[in-house]
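Participant: Predicted model follows, preceded by the sequence.
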Amino acid sequence: MNIGPHTFEEFKEVARRFHGYPAPGLLIGGYMVEEARRHLPAETLFDAVVETGKCLPDAVQLLTLCSYGNGWMKVLKLGRYALSLYDKYTGEGVRIHIDTEKLKKWPEIEAWFLKLKPKKEQNTEKLFAEIRMAGPSFCSVAPVQVASDFLGHKHMRAIGICPSCREAYPVSDGALCRGCQGEVPYVGGSREVHRENCLVAVDVEDAVGRTALHDMTRIEPGVSKGPEFKAGQELTAGDVCRLQQMGRNRVFVQSDISSDGLVHENDAALAFAERMAGEGIVFKTPPEEGKVSFCAAAKGLFTVNRVILERFNLLPDVMCATRQGDILVDDGKPVAGTRAIPLHLSGEVFRNALNVLDEGPLLNVLPLRKARVGILVTGTEVFQGLIEDKFVPIISGKVERMDCEVVGSTIVPDDREAIADGVRRLLDNGADLIVTTAGLSVDPDDATRAGLLDAGLRDALFGVPALPGTMLLIGKIGNADVLGVPACALFYKTTSFDLLLPRVLAGQSIVRKDLARMAEGGLCLNCRSCTFPKCPFGK
């Protein structure tokens, strides 16, 4: 049986030129491709799926128009010596695989395929002879329907410029290219510097009079942890015993060996901190043990550029950890820390990290404006005095704790005209933040939303993935912000209102995606003793 247009011997030579040598798997694969094609209707335009990366894909590429490069052949490394050819439009096709029961008729092929004897004991000529005689007889073919995900060809993915190495890459791979994420296979060269070549370690007894190369930490479990020796400190005879008590019998000291191309951990951390710190952020210098800590310079809303944070932490040998973003922090409270992980960074890693951080400040503490708040209570039963209003004192307490001023409050019935008039009166009193009940009521008699729309509500977002407080609305009327608070705020101490109010006061422009991100951490546990904001809610 021929393999495509070739005799067996001719195909051996084709395989040798293409593959490097006439591999048994490639010769068998040639028969498998031809057998699969024989089971397809004539003139079928087909694609291929190959279930191993060894030899078989080469057979498909040699005998068909399908290749890995043009996307008509997909290689799934399932570890099975099998392939499928299928109609590229309907997915109907055939799958062919080596049948181990049929293989028993061919002992040399069986021994090779199942690795029953070492390669040096195999008779190559006999193996080739069996393959030529057997053809596809030890294979089984079955019809298949290929899943729709494999039909057609994926369009070219969006291409971006990696902010680290500045090379083009598919943006679907992440915030950085996969190479800068550490998936490169290279050792040595520009990707990895052998830092040990420029480090000198000596016995502690020989370190007297030498200069410590890095900070050395002393830990007393449950008592203290901190640098006992600082980088640049000259070691004395009195230090030998302390070093040994710390478990250090050898120490790294400064030497005359060139460290060109390397960046010391403290120098790197300081350079990172200068780029990370934005408005309302301070950090202590000099760095200690390659680490810099950040604190809030004043009370405000702590924000994190999550895109830059992810990109930075995808790089090898560096890190930055922060508190959850979009939370209130007090003056002087710690918010983040960064460090270089090894004692020295390669110049390339250091430059890549700076490229990422040059896109803008990573950390900010935004001041909160002292809003002038107007509180609108809706509900005919409250307006008529049938139910005592408790909404005004609850909202007043929350906004006043954030140094806001309540400039007025009004109670109106469930009438859209009355609601619109109530909003206008509060705005006339100077309110630049309207807080109203019935954020997104499911009650068909509730006219709050209609009244707000009549008053000029725009850019409105309805519903927040948080519990309690899903039925919240956020928007604007003129230059005033609007927050519609659901009735659950009368029962629960903490709701989505408490999460969004600081962000509104900080002047953040909130879009639907921002609300969607609140879903993770948006479930309040309704603890018997509420400790918000010192709890997981909203984090």
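Facilitator: Thanks, I have it. Numbers count the residues shown, from 1 in each chain.
Participant: After the host helix or strand of L127, which helix or strand is next?
Facilitator: Using DSSP states H and E, L127 maps to helix 124-134. Per DSSP H and E, helix 124-134 leads on to strand 139-145 as the next helix or strand towards the C-terminus.
Participant: List the buried residues of that following strand.
Facilitator: Residues of strand 139-145 classed as buried by neighbour count (16 or more other CB atoms under 10 Å): C139, V141, V144. No exception for glycine: its C-beta is placed from N, CA and C like everyone else's.
Participant: again, but for stretch 491-505
Facilitator: 492, 494-505.
Participant: repeat for stretch 530-537
Facilitator: Neighbour-count burial for stretch 530-537 flags P533, F537 (criterion: 16+ other CB under 10 Å).
Participant: can you give me the end-to-end distance of it?
Facilitator: 11 Å (CA to CA, to the nearest Å).
Participant: Contacts for that stretch, please.
Facilitator: Here stretch 530-537 makes contact (CB atoms under 8 Å, 6 or more residues apart in numbering) with I327, L328, K493, T494, D498, L499, G521, G522, L523, C524, L525, C527.
Participant: Let me know the secondary structure of the nearest residue to the first one once chain neighbours are set aside.
Facilitator: Taking CB to CB, 6 or more residues apart in numbering, and ignoring the residues beside it in sequence, I327 has F302 as its nearest neighbour in space, at 5.7 Å. Following DSSP: H, G, I helix; E, B strand; the rest coil, the label given to F302 is strand.
Participant: what residues are up against F302?
Facilitator: Taking CB under 8 Å, 6+ apart, one finds A296, R323, G325, D326, I327, L328, V329, V335, L363, N364, V365 in contact with F302.
Participant: I'd assumed C404 was in contact with L505.
Facilitator: Yes. With contact defined as CB atoms under 8 Å, L505 counts as touching C404 (7.2 Å).
Participant: for Y169, what are its contacts?
Facilitator: I159, G160, I161, C162, C177, R178, G179.
Participant: quick one: the strands in the stretch 101-250 of the chain?
Facilitator: Under the criterion DSSP state E, counting those that start in this stretch, the stretch 101-250 of the chain contains strands at 139-145, 159-161, 168-170, 200-203, 216-220, 224-229, 250-253.
Participant: Redo those as JSON lines? Include mean pLDDT and distance to R37.
Facilitator: Putting the strands of the stretch 101-250 of the chain into JSON lines (pLDDT from 0 to 100; distance: least, CB to CB, whole Å) gives the following:
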{"stretch": "strand 139-145", "mean pLDDT": "96", "distance to R37": "11"}
{"stretch": "strand 159-161", "mean pLDDT": "88", "distance to R37": "36"}
{"stretch": "strand 168-170", "mean pLDDT": "89", "distance to R37": "33"}
{"stretch": "strand 200-203", "mean pLDDT": "76", "distance to R37": "65"}
{"stretch": "strand 216-220", "mean pLDDT": "76", "distance to R37": "68"}
{"stretch": "strand 224-229", "mean pLDDT": "74", "distance to R37": "69"}
{"stretch": "strand 250-253", "mean pLDDT": "77", "distance to R37": "65"}
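Participant: from those strands, which stretch is densest packed?
Facilitator: Most buried of those, by mean neighbour count (mean count of other CB atoms under 10 Å): strand 250-253, with a mean of 18.
Participant: Which secondary structure state is assigned to S84?
Facilitator: S84 - assigned by three-state DSSP - is strand.
Participant: who does it bridge with?
Facilitator: Beta-bridge pairing of S84 under DSSP bridges involves V49, R95.
Participant: if I look at it, how far off is H39?
Facilitator: Using CB to CB, to the nearest Å, we find S84 at a distance of 11 Å from H39.
Participant: So for the two, which residues contact both of them?
Facilitator: Residues touching both S84 and H39 (CB under 8 Å, 6+ apart): V94.
Participant: which helices and strands does the lengthiest helix in the chain pack with?
Facilitator: The residue-count maximum for a helix in the chain (DSSP state H) belongs to helix 24-38. The helices and strands touching helix 24-38, judged by 3 or more CB pairs under 8 Å, 6 or more residues apart in numbering; DSSP states H and E, are helix 8-19, helix 56-63, strand 82-87, strand 92-98, helix 107-113, helix 124-134, strand 139-145.
Participant: how about the ones you listed in TSV, adding distance to N479?
Facilitator: Output for the helices and strands packed on helix 24-38, formatted as TSV (distance: least, CB to CB, whole Å):
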stretch	distance to N479
helix 8-19	71
helix 56-63	63
strand 82-87	61
strand 92-98	62
helix 107-113	77
helix 124-134	81
strand 139-145	60
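Participant: do you know which of these lies nearest G484?
Facilitator: The closest of the helices and strands packed on helix 24-38 to G484 is strand 139-145. By CB to CB, the value is 51.4 Å.
Participant: Might you calculate how far that closest one sits from the centre of the chain?
Facilitator: 40 Å (CA atoms, centre = their mean, to the nearest Å).
Participant: what about the stretch 101-250 of the chain, any weak spots by pLDDT?
Facilitator: Flagging of the stretch 101-250 of the chain using pLDDT under 70 yields the residue ranges 153-156, 186-200.
Participant: mind redoing it with 80?
Facilitator: Scanning the stretch 101-250 of the chain for pLDDT under 80 picks out 149, 152-157, 164, 182-202, 206, 209, 211-232, 238, 240, 247.
Participant: Equivalent analysis for the stretch 351-500 of the chain, please.
Facilitator: Low-confidence segments of the stretch 351-500 of the chain (pLDDT under 80): 438-446.
Participant: State the helix or strand in which D514 lies.
Facilitator: Going by DSSP H and E, D514 is part of helix 512-516.
Participant: re the thing from before, so if I had to pick from S84 and H39, which one is more boxed in?
Facilitator: Neighbour count, other CB atoms under 10 Å: between S84 and H39, S84 has more, with 25 against 14.
Participant: right, and the more buried one touches L56 too?
Facilitator: No. Assessed by CB under 8 Å, S84 is found out of contact with L56, at 11.2 Å.
Participant: and for those two, which residues touch both?
Facilitator: Joint contacts of S84 and L56 (CB under 8 Å, 6+ apart) do not exist.
Participant: Taking the contacts of F302 together, which two end up most distant?
Facilitator: Using CB to CB, these span at most 14.9 Å, a distance reached by L328 and L363.
Participant: So the two - more neighbours on which side?
Facilitator: Higher neighbour count among L328 and L363: L363, with 27 against 20, using other CB under 10 Å.
Participant: Spatially nearest residue to that one (excluding sequence neighbours)?
Facilitator: Spatial nearest neighbour of L363, excluding adjacent residues (CB to CB, 6+ apart): I281 at 4.9 Å.
Participant: and if you look at F138?
Facilitator: With sequence-adjacent residues excluded and distances taken as CB to CB, 6+ apart, F138 is closest to K102, at 4.2 Å.
Participant: Next one: that neighbour from G30, what distance?
Facilitator: 18 Å.
Participant: who's more crowded, these two?
Facilitator: More neighbours surround G30 than the other of K102 and G30, with 30 against 15 (other CB under 10 Å).
Participant: okay, now the nearest residue to the more buried one once chain neighbours are set aside: neighbour count?
Facilitator: Leaving aside its sequence neighbours, G30 sits nearest to I3 (CB to CB, 6+ apart; 3.9 Å). Neighbourhood size, I3 [other CB under 10 Å]: 26.
Participant: how about I3, what does it touch?
Facilitator: Listed by CB under 8 Å, 6+ apart, the contact partners of I3 are F11, L27, G30, Y31, V33, E34, L63.
Participant: For ChimeraX, write the select line for the buried members of those.
Facilitator: The buried subset of those, as determined by 16+ other CB under 10 Å, is captured in ChimeraX by this line:
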select :11,27,30,31,33,34,63
